[in-house]
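> Any chance you could fold what I've pasted below:
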Amino acid sequence: MTPLPSINCLESFECVARHGSVSRAAAELNLTQSAVSRQIHQLEELLDVALFERVRQRVVITDAGKLYLKDVNRIMIDIRDSTSRIMSCGGNASLLNLAVLPTFATRWLMPRLSGFLQQYPDITVNFATRTTQFDFEKEPFDAAIHYGSVNWPGAVAHHLMDEDTVPVCNPKFETANRIKTPADLVGVTLLHQSNRTAAWAEWFELMGVENSHPLRGSRFEQFAMIAQAAISGLGVALLPKLLIEEELSSGKLSALFSHPVRSANSYYVVVPEAKISSPLTAAFTHWIIREAKLGERPIIRKNHKQSKIY
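Residues are numbered from 1 along each chain as shown. Purely as a prediction, here's the structure:
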């Protein structure tokens, strides 16, 4: 069996590599310089590799040390994260780890989550951001909120809701540009989401409006940026209605027309096959599906290829 180094040795190695100094590492770790040097020496003996060289009163990490440091950093981060998770739940086994879409989580999930926690007060929920599919076997999540297609290898996807998009802008912008019909958006500044470059062209086609330049206008990578740009009067944005409920109700944004368009993709709660029989995951899955069904309504549908979200 391969011998393992102590956590103290790995911590000293990482600290010395980061500072390029034994004395600075000793000060940060609240150890003596000799103690840090001894731990580095023990690690080098175990590995049978020189991790540092002394160059003009400085310690410089070797090529072998740089290679080892990448793995050590990852291991130390994993240990810290695991320790933090256990501490956060106080040893409670009812810990639910969710991978979420950031905008969906903040705008839709968080305002409703108190209802779930009232039903299950002993559950602690942790959140991490994931915007694309990942391997559940490599990432310790109990479930994920996903936007896209129903297919996810090694997992079961439960439909939550479709996505309805609507053109929105600042009410003053709407008045100043005399926007009354879809045709009035031809020539108006359009705001685009960088992951959905064809959205406006598809919208004009569905509305039966000819626009020879539907791709012109500023592009924004994040939802929050394009929403704020529309609020600031920079143009008209085509946004998911369920994610701008607050802006619409407060009057910061105005929905221009009464016929939202339904996207080809949908939102899902995805459960890894290994967690299907988990009562904890099942409780959350049943709750969020029930919450999502409360807002369903028929809408115009468009058909386009899968795109990323936020």
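> Skip the chain neighbours and tell me the closest residue to the residue most central in space within the chain.
Nearest to the mean C-alpha position of the chain, by CA atoms, centre = their mean, lies residue 129 at 2.7 Å. Nearest residue to residue 129 in three dimensions, chain neighbours excluded: residue 102, at 5.0 Å (CB to CB, 6 or more residues apart in numbering). Quick note: C-beta positions are derived from backbone N, CA and C, even for glycine.
> got it, and residue 166?
residue 260 (4.3 Å).
> re the thing from before, please name the residues that touch the residue nearest to the centre of the chain.
Residue 129 is in contact with 99-102, 105, counting by CB atoms under 8 Å, 6 or more residues apart in numbering.
> Filter these down to the ones in strands?
Applying DSSP state E to the contacts of residue 129, the entries found in strands are 99-100.
> Tell me the one among the contacts of residue 129 nearest to residue 197.
residue 101 (19.5 Å; CB to CB).
> tell me which element residue 45 is part of?
helix 33-47 (DSSP states H and E).
> Keeping just the C-alphas, turn that helix into PDB.
Output of helix 33-47 as PDB, limited to C-alpha atoms (Å, rounded to 0.1, in the frame of the first residue of the first chain):
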ATOM      1  CA  GLN A  33      10.400  27.800  10.500                       C
ATOM      2  CA  SER A  34      12.200  24.600  11.600                       C
ATOM      3  CA  ALA A  35       8.800  22.800  12.000                       C
ATOM      4  CA  VAL A  36       7.800  23.800   8.500                       C
ATOM      5  CA  SER A  37      11.100  22.900   7.000                       C
ATOM      6  CA  ARG A  38      10.900  19.500   8.800                       C
ATOM      7  CA  GLN A  39       7.500  18.800   7.300                       C
ATOM      8  CA  ILE A  40       8.700  19.700   3.800                       C
ATOM      9  CA  HIS A  41      11.700  17.400   4.300                       C
ATOM     10  CA  GLN A  42       9.400  14.600   5.500                       C
ATOM     11  CA  LEU A  43       7.300  15.000   2.400                       C
ATOM     12  CA  GLU A  44      10.300  15.000   0.100                       C
ATOM     13  CA  GLU A  45      11.600  11.900   1.700                       C
ATOM     14  CA  LEU A  46       8.200  10.100   1.300                       C
ATOM     15  CA  LEU A  47       8.000  11.100  -2.400                       C
END
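> Give the rounded mean pLDDT of the next helix-or-strand element following that helix.
Reading on from helix 33-47 to the C-terminus, the next helix or strand found by DSSP H and E is strand 52-55. Averaged across strand 52-55, pLDDT comes to 90.
> Direction included, what does strand 52-55 pair up with?
Strand 52-55 has the following strand partners under DSSP bridges: strand 58-61 (antiparallel).
> Enumerate the positions of the partner strand that are buried.
59, 61 (16 or more other CB atoms under 10 Å).
> Stretch 117-133 too?
Applying 16+ other CB under 10 Å to stretch 117-133 flags 123-127, 130-131, 133 as buried.
> for stretch 175-188, same thing?
177, 179, 182, 185, 188.
> ok, and what's touching that stretch?
Residues contacting stretch 175-188 (CB under 8 Å, 6+ apart): 167, 169, 204, 207-211, 235-236, 256-257.
> got those as a markdown table, with secondary structure and distance to residue 224 columns?
Formatted as a markdown table, the contacts of stretch 175-188 follow (DSSP: H, G, I helix; E, B strand; the rest coil; distance: CB to CB, whole Å):
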| residue | secondary structure | distance to residue 224 |
| --- | --- | --- |
| 167 | strand | 18 |
| 169 | strand | 16 |
| 204 | helix | 25 |
| 207 | helix | 27 |
| 208 | coil | 32 |
| 209 | coil | 28 |
| 210 | coil | 32 |
| 211 | coil | 27 |
| 235 | coil | 16 |
| 236 | strand | 17 |
| 256 | coil | 21 |
| 257 | coil | 24 |
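> now, which of these sits nearest residue 2?
The closest of the contacts of stretch 175-188, once distances to residue 2 are taken by CB to CB, is residue 235, at 60.1 Å.
> got the contact list for that closest one?
Counting by CB under 8 Å, 6+ apart, residue 235 has contacts 169, 173, 188-191, 217-218, 229.
> Kindly report the same for residue 275.
136, 142-143, 281.
> and these, which two are the farthest apart?
136 and 281 (11.4 Å).
> related to what we said a few turns ago, would you point out the most distant pair within the contacts of residue 129?
Among the contacts of residue 129, 99 and 102 lie farthest apart (CB to CB), at 10.7 Å.
> about what we covered before: for the contacts of stretch 175-188, which two are the farthest from each other?
Every pair of the contacts of stretch 175-188 checked by CB to CB; the farthest is 208 and 235, at 22.0 Å.
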